[in-house]
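Visitor: generate coordinates for the sequence data below:
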Amino acid sequence: QVQLVESGGGLVQAGGSLRLSCAASGRTFSIYNMGWFRSAPGKEREFVGYISQTGAATVYTDSVQGRFTVSRDNAKNTVYLQMNSLKPEDTAVYYCAAGRSVSSRPGTYDYWGQGTQVTVSS
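Guide: Residues are numbered from 1 along each chain as shown. Below is the predicted model of the structure:
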């Protein structure tokens, strides 16, 4: 069992930056691939990016490529989402997720955090 807790969300102006954190419980964090997803009102949950177990591989959706960076610190059981050059369309609830497979599909992840709100004003 893994419990995930996101933090770091908030209100930021367009062009600004935020760093989200996702802290995981348990001693098996390093065996999980970690994903970030987001949900905007009226839209389906959208893949943002993922990072492999060791951090050697990262993948991003096109709309955040070059602006967002996923990283992890296995010693701290934490995964991060650095978001730069934020746009109003990035406004959403952001979720981290843990899974045994690398994937952009939400259904392949086993554990989810409760989400943290990110609001980007224009």
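Visitor: which one is the residue nearest the centre of the chain nearest to, not counting chain neighbours?
Guide: What sits nearest the mean C-alpha location of the chain, by C-alpha atoms, centre = their mean, is Trp36, with 2.6 Å. Distance criterion C-beta to C-beta, 6 or more residues apart in numbering; nearest residue to Trp36, sequence neighbours excluded, is Val48 at 4.2 Å. Where C-beta positions appear, they are placed from N, C-alpha and C, glycine not excepted.
Visitor: ok so the one you found is a strand residue?
Guide: Yes: counting by DSSP: H, G, I helix; E, B strand; the rest coil, Val48 falls inside a strand.
Visitor: what sits against the nearest residue to Thr61 once chain neighbours are set aside?
Guide: Distances taken as C-beta to C-beta, 6+ apart place Phe47 nearest to Thr61, at 5.4 Å, with adjacent residues excluded. For Phe47, the contact set (C-beta atoms under 8 Å, 6 or more residues apart in numbering) comprises 35, 37, 61, 104-106.
Visitor: give me the subset of these that lies in strands.
Guide: By the criterion of DSSP state E, membership of those in strands covers 35, 37.
Visitor: which of the contacts of Phe47 ranks first by neighbour count?
Guide: Gly35 (27 neighbours; other C-beta atoms under 10 Å).
Visitor: does it touch Tyr94 like I think?
Guide: No: with contact defined as C-beta atoms under 8 Å, Gly35 does not count as touching Tyr94 (11.0 Å).
Visitor: what are the ranges of the helices in this protein?
Guide: With DSSP state H, there are no helices along the chain.
Visitor: residue ranges in it under the pLDDT threshold?
Guide: Low-confidence segments of the chain, defined by pLDDT under 70: none present.
Visitor: which neighbours do Gly35 and Tyr94 have in common?
Guide: Common neighbours of Gly35 and Tyr94 are listed as Val48 (criterion: C-beta under 8 Å, 6+ apart).
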